[in-house]
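Participant: Sequence first, then the predicted structure, then my questions.
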Amino acid sequence: MKSNSFRISLIITAILGLLFLSGCNFFSNEVGKMKEALKGREVVIQTYDEDSNIIDRIQGKSVSIGADKKFDLTDSEGKTVEKSSVIGFTVGGESVVHVGSSLIMYETGLENVFEEYSKKVDIENIDRSVPFVNRLVNDMKNITTGKSKVILIRSQSGKPLATFVGDKVSYFATDIDKSTGILIDGQYLFIYRCDYTIYDASLLN
């Protein structure tokens, strides 16, 4: 009996160890998945001015994204002391270089509910006594039905420019300065030079 109990304990310990290691590697695995998945998926890339007006919009497949390493700042030993904030894209084999203004890139399966909201509401005349995100959630009925997170993205001057909702949301660092990668129900959102807040939907309803 003692021998069987000891074997069971060893098995349980081994399983817990594997789960711990897999948890530690979660974010690096997700970054790898993102890079691989975007090669065959359709995405939208949009840049914004300080007032959250769209400057340009690109939609395409087979996207790759990365920092232009020529702009990394290095010390005398060649170690990177500041990551490059210059982004290089290829979209269907064509290239784009971007730096400076706020940018988001998201899979076309994700819905930017802010764009629909802004068509219906005069954002410039919103009552400032009511927090913006609460008004958005209440006005866009049912956007959080069955969802647990709301992601509000703002320009560098603090003006809302995009909103996404999802049930399973995780975020991770990228190799590009001033950027964040977010997984929303298995689909990818890349944010560059933006403010953002991730809320529990239950907090806003």
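Facilitator: That came through fine. Numbering: from 1, shown residues only.

Participant: which one is residue 185 nearest to, not counting chain neighbours?
Facilitator: residue 166 (4.7 Å; Cβ to Cβ, 6 or more residues apart in numbering). Any C-beta I mention is one placed from the backbone N, CA and C, and that applies to glycine too.

Participant: mind listing the strands in the chain by residue range?
Facilitator: Remark: strands assigned in the chain by DSSP state E are 43-48, 54-60, 63-67, 73-74, 80-82, 87-91, 94-98, 102-107, 149-154, 160-166, 169-173, 179-184, 187-192, 195-200.

Participant: What are the buried residues along stretch 45-54?
Facilitator: 45, 46, 47, 48, 52 (16 or more other Cβ atoms under 10 Å).

Participant: pLDDT weak spots in this protein?
Facilitator: Judged against pLDDT under 70, the low-scoring parts of the chain cover residues 1-40, 71-78, 80-81, 119-130, 138-146, 205.

Participant: re earlier: now do the contacts for the residue nearest to residue 185.
Facilitator: Residue 166 makes contacts with 147, 148, 149, 151, 184, 185, as judged by Cβ atoms under 8 Å, 6 or more residues apart in numbering.

Participant: my guess is the second one meets residue 204, correct?
Facilitator: No - in this structure, residue 148 is not within contact of residue 204 by Cβ atoms under 8 Å, at 11.1 Å.

Participant: circling back: out of the strands of the chain, nearest to residue 115?
Facilitator: Evaluated with Cβ to Cβ, the strands of the chain place strand 160-166 nearest to residue 115, the distance being 7.6 Å.

Participant: Quick check: the farthest pair among the buried residues of stretch 45-54?
Facilitator: 45 and 52 (15.8 Å).

Participant: burial measure for residue 133, as a count.
Facilitator: 16 (other Cβ atoms under 10 Å).

Participant: give me the beta-bridge partners of the residue lying closest to it once chain neighbours are set aside?
Facilitator: Distance criterion Cβ to Cβ, 6+ apart; nearest residue to residue 133, sequence neighbours excluded, is residue 152 at 5.1 Å. Beta-bridge pairing of residue 152 under DSSP bridges involves residue 163, residue 197.

Participant: Residue 152 and residue 160 touch, don't they?
Facilitator: Yes - proximity of residue 152 to residue 160 meets the contact threshold set by Cβ under 8 Å, at 6.1 Å.

Participant: so what sits against both of those two?
Facilitator: 132, 133, 136.

Participant: residues in contact with the last one?
Facilitator: What that stands for is residue 136. 113, 114, 117, 152, 160, 163.

Participant: One more: residue 171?
Facilitator: 180, 181, 182, 183, 198 are the contacts of residue 171 under Cβ under 8 Å, 6+ apart.

Participant: most neighbours, which of these?
Facilitator: Neighbour max across those (other Cβ under 10 Å) = residue 182, 24 neighbours.

Participant: ok, now which ones touch that one?
Facilitator: With Cβ under 8 Å, 6+ apart, residue 182 has these contacts: 151, 169, 170, 171, 172, 188, 189, 190, 191, 198.
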